[in-house]
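In: Got a sequence here, can you model it:
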Amino acid sequence: MRSYDVDPMKRPYRINTRARKRRLLKAASAWKKLATFVAGCSFLLPAAHGVEGTAATTTPATGEAKPIMDMDLADLMKITVTSVSKRPEKLSDAAAAIYVITGEDIRRAGATSIPEALRLAPGLEVARQDSHTWAISSRGFNDEFANQLLVLIDGRSVYTPLFAGVYWDVQDLPLEDINRIEVIRGPGAALWGANAVNGVINITTKKAQETQGLLVTAGGGNEERGFGTVRYGGQLGEHAFYRVYAKYLNRDSSALPGGADANDSWDMWRGGFRVDWEPVVQNLFTLQGDVYTGSLDQTVTVPSLNAPYSENLTDKVKVSGGNVLGRWNHKFAENSELALKLYYDRTERDRVVFDERRDTFDFDLQHRFQLGDRQDIVVGAGYNITADKLNNTFAVAFNPTQRTSSLYSAFVQDEIDILRDRLRLTLGTKVEHNDYTGWEVQPNARLSLNITKKQTAWFAASRAISTPSRAEDDIRINRQVFPPGVFGPAPALVSQFGSRAMDSKELIAFELGYRIQPHERVTFDLATFYNIYDRQRSIEPGTPVPEGTHLLIPFTIANLINGEVYGAELASSFQPADWWRLRINYTLWSLQLHKKPGSNDPLLEGAENDSPNHQVGVRSLMDLGNNVELDLGFRYVDSLPNRGVPSYEAFDARVGWRPSPHWEFSVALQNAFGRHKEFAPSYIQTQTTEVQTSVFGKVTVRF
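Out: Numbering: from 1, shown residues only. The predicted structure is shown next:
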């Protein structure tokens with residue numbers, strides 16, 4: 001039955017009181033040592049004046065990113081981020097574990113998708129489940145539908161309320177249009193709301209003015225069988241700019257553990273536009289949208305009440321959808337501005353186990369202003385409504401098949417400059433109402449101390465919640481059928497049911513961070529955290545009852561798990577020479593989950609093994625002269641014993657040549673060490689596959 005758990009990340013394991021006390025004492029001791037280290041660093045390490053943040057600028061003519069090597073590490077402190085406080089601030093001052101991936105980083109990594117680009121960030125668990133399915137989370141609890149990570153593209157939430165996860169296969173855009181990806185590890189709920197529990201990924205694209213002219217990319221290889229983008233940007237009058245694009249990809253199947261074809265190839269078409277109009281300096285209007293359609297191959301194992309009581313179905317998942325987003329920014333003064341955002345999103349997904357049609361409308365208004373000369377205040381309000389229509393099958397069914405849910409919210413945040421340019425205190429909270437659990441309050445407090453101009457320490461305490469998904473509330477998944485004779489003369493059907501008694505899952509988080517540049521060619525960014533979880537999801541057995549011609553063995557979703565996660569994330573940069581830069585990341589996690597009184601969940605063992613305890617990433621970027629680039633990457637990911645995934649190492653390489661500003665040629669090698677497994681499915685029973693070695697070439701033309 002282990003393979004039929006919905007979310008093994010949230011299965012507790014049996015633990016006696018004495019062992020639990022030992023672990024808590026060990027965690028407290030570890031935190032004491034980390035706090036002592038962070039406090040001592042300000043006195044032991046030499047002073048500096050920057051922090052690593054991977055910044056790049058663009059030229060309005062082509063949108064081409066400024067080469068990384070043209071910016072020394074001190075310059076990188078100037079990058080501006082907005083995801084932490086919904087206001088512009090230096091990365092070095094942000095009181096959060098934040099990492100920025102720019103478009104130039106993505107280009108030099110040879111990434112072909114957003115999930116591949118996210119591998120560049122420390123503290124994220126990014127695993128490829130099959131050719132088109134990814135499991136991505138921050139600080140544990142990873143799954144195909146990781147439900148404690150909020151993902152935004154230009155302010156538009158892309159998570160599905162059906163399973164409270166992200167369909168990564170349809171989250172795409174021309175990677176050349178990405179300005180930056182801000183990755184926050186840790187809660188962001190006080191500003192962003194429910195489901196911003198373990199982190200926020202905020203993807204922002206370039207303004208239309210920065211993508212003028214013609215861009216054409218084309219490439220292909222053994223796994224990336226073919227891909228290409230055509231984009232054109234122009235001007236509409238004196239103050240308006242636009243761009244339009246079309247994109248196509250076709251990827252080969254991954255491999256089964258024995259080497260056979262996994263039948264999970266896929267292809268996707270996508271198109272879109274963006275218009276920016278700035279009639280006066282005080283006003284900026286943006287209108288943008290995307291449409292897509294694609295086909296994804298898949299093999300799914302489903303139960304059957306007839307011998308042999310299960311069958312493999314070959315599925316060709318049809319996906320399509322589109323969105324349109326409008327935004328108005330009005331600037332009253334230097335430190336006072338108003339922002340209004342509206343968007344509509346339509347998604348369709350036809351699977352052999354269920355069909356989904358969903359329409360979402362979202363409204364968001366926020367105002368930033370100063371109170372006196374030491375307080376910067378941001379207030380906002382929002383409303384979201386989503387309506388779905390589902391088609392049931394024997395394997396997966398929802399009751400009702402149509403449902404409309406709404407959410408409305410308000411937030412306030414006050415940033416207080418206690419000691420000018422030295423000590424800042426941020427207090428904020430978000431209040432929201434949802435149709436599942438009613439009112440929720442999510443406060444946070446953050447403190448940032450500039451010890452000198454060269455080093456910063458920060459602390460944060462937050463409460464965040466994850467609201468129940470549609471699936472947790474009213475789903476029925478038929479998991480397995482046992483033949484007659486196992487539980488009686490009739491077949492026995494194991495089914496999992498949602499529960500309308502589900503409560504929100506809660507996190508209380510404490511974070512401590514430190515940033516320093518001890519030398520003009522070296523930077524360090526350390527973040528430590530201790531997360532306390534309550535009311536996490538469990539799977540509780542019920543009493544077997546007759547149902548038609550078979551015996552029903554029911555399991556019901558409940559909130560009978562608690563636990564804690566603690567760890568540390570280190571991001572560092574070194575520049576041995578003007579033409580060579582190294583980035584080294586290390587992540588340490590420890591996950592412990594416990595059964596609460598009243599839980600009889602039989603799938604208790606091994607939940608701490610569903611997330612890697614260690615991750616290491618090393619990237620080398622070299623400019624070899626004559627406009628030749630050599631970029632190398634190495635990753636180590638610890639094992640996931642509970643999912644049968646051994647530890648693995650992966651090596652990537654890219655060689656690029658830019659003979660002129662208009663032409664770029666590159667060859668990329670991914671996963672050079674051969675096939676390896678990265679994840680195993682748990683929600684919908686698809687095949688376990690392995691990632692293969694990939695080689696592809698790419699040509700980029702800009703005019």
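
In: who does the closest residue to Thr347 other than its chain neighbours bridge with?
Out: Sequence neighbours aside, Gly321 is the residue nearest to Thr347 in space, at 3.9 Å (criterion: C-beta to C-beta, 6 or more residues apart in numbering). C-betas here are computed from N, CA, C, even on glycine. Gly321 has these beta-bridge partners by DSSP bridges: Tyr292, Thr347.

In: what does Phe482 give?
Out: Ala492.

In: What distance do you get for it to Phe227?
Out: 45 Å (C-beta to C-beta, to the nearest Å).

In: same thing with Glu278?
Out: Glu278 sits 33 Å away from Phe227, going by C-beta to C-beta.

In: burial measure for Gln615, as a count.
Out: 22 (other C-beta atoms under 10 Å).

In: Identify the residues contacting it.
Out: Pro122, Glu125, Asn585, Tyr586, Thr587, Arg635, Tyr636, Val637, Asp638 (C-beta atoms under 8 Å, 6 or more residues apart in numbering).

In: circling back: who's more crowded, Glu278 and Phe227?
Out: Per other C-beta under 10 Å, whichever of Glu278 and Phe227 has more neighbours is Phe227, with 21 against 17.

In: In contact with the more buried one, which residues?
Out: Contacts for Phe227 (C-beta under 8 Å, 6+ apart) come out as Thr112, Thr217, Ala218, Gly219, Gly220, Lys247, Tyr248, Leu249, Asn250.

In: so how far is the helix or strand containing Leu588 from its chain's centroid?
Out: Per DSSP states H and E, Leu588 falls inside strand 580-595. From the chain centre to the centre of strand 580-595 is a distance of 15 Å (C-alpha atoms, centre = their mean, to the nearest Å).

In: Which strands and helices lie in contact with that strand?
Out: Packed against strand 580-595 by the contact rule (3 or more C-beta pairs under 8 Å, 6 or more residues apart in numbering; DSSP states H and E) you find helix 17-44, strand 522-541, strand 550-577, strand 614-625.

In: I'd like to know how far the nearest residue to Glu176 once chain neighbours are set aside sits from Ala381.
Out: Excluding the flanking residues, the one nearest Glu176 by C-beta to C-beta, 6+ apart is Leu215, at 6.1 Å. From Leu215 across to Ala381, the span is 38 Å (C-beta to C-beta).

In: try His550
Out: Distance from His550 to Ala381, counting by C-beta to C-beta: 51 Å.

In: which of those two has more neighbours?
Out: Neighbour totals were compared for His550 and Ala381, and His550 leads with 17 against 14 (other C-beta under 10 Å).

In: ok so, going back, now the buried members of the contacts of Gln615.
Out: For those, a burial check counting by 16 or more other C-beta atoms under 10 Å picks out Pro122, Glu125, Asn585, Tyr586, Thr587, Arg635, Val637, Asp638.

In: out of these, which one sits closest to Gly488?
Out: For the buried ones among the contacts of Gln615, the minimum distance to Gly488 (C-beta to C-beta) is 42.0 Å, reached by Glu125.

In: and the nearest residue to that closest one once chain neighbours are set aside, how many residues sit next to it?
Out: The shortest distance from Glu125 to any non-neighbouring residue, by C-beta to C-beta, 6+ apart, is to Asn142 (4.6 Å). By the measure other C-beta under 10 Å, the count of residues near Asn142 is 27.

In: Can I take it that Asn142 is in a strand?
Out: No. Judged by DSSP: H, G, I helix; E, B strand; the rest coil, Asn142 forms no part of a strand; its state is coil.

In: Pretty sure it sits against Gln129.
Out: No. If you go by C-beta atoms under 8 Å, Asn142 and Gln129 don't touch, sitting 10.1 Å apart.

In: Give me the common contacts of the two.
Out: Listed as contacting both Asn142 and Gln129 by C-beta under 8 Å, 6+ apart are Ala135, Phe679.

In: Quick check: pLDDT value at the residue nearest to Glu125.
Out: We have a pLDDT of 85 for Asn142.

In: for the protein, what are the low-confidence residue spans?
Out: 1-78, 189, 603-609, 683 (pLDDT under 70).

In: all helices of it, in order?
Out: Here the chain has its helices, by DSSP state H, at 17-44, 103-109, 114-118, 189-192, 470-474.

In: ok, residues contacting the third one?
Out: Applying C-beta under 8 Å, 6+ apart, the contact partners of helix 114-118 are 101, 105-106, 109, 111, 124, 126, 128, 134, 136, 168, 171-173, 175, 178, 181, 183, 201, 203.

In: what's around Val618, how many residues?
Out: Look at Val618: counted by other C-beta under 10 Å, it has 15 neighbours.

In: With the one 10 residues further on instead?
Out: Using other C-beta under 10 Å, Val628 is surrounded by 13 other residues.

In: Neighbours of Ala410, how many?
Out: Counted with other C-beta under 10 Å, residues neighbouring Ala410 total 15.

In: That one - nearest residue in space that isn't next to it in sequence?
Out: Counting by C-beta to C-beta, 6+ apart, Ala381 is the residue found nearest to Ala410 once chain neighbours are left out, at 4.6 Å.

In: Tell me what the one you found is bridged to.
Out: With DSSP bridges as the criterion, Ala381 is bridged to Leu365, Ala410.

In: Surely it is in contact with Ser409?
Out: Yes. Under the criterion of C-beta under 8 Å, Ala381 is in contact with Ser409, at a separation of 6.9 Å.

In: for the stretch 601-703 of the chain, what spans make up the strands?
Out: 614-625, 628-637, 648-660, 663-670, 694-702 (DSSP state E, counting those that start in this stretch).

In: Which among the ones you listed is found nearest to Asn562?
Out: Set against Asn562 and scored by C-beta to C-beta, those come closest in strand 614-625, at 24.6 Å.

In: how close does Ala333 get to Ser85?
Out: Taking C-beta to C-beta, one finds Ala333 at 19 Å from Ser85.
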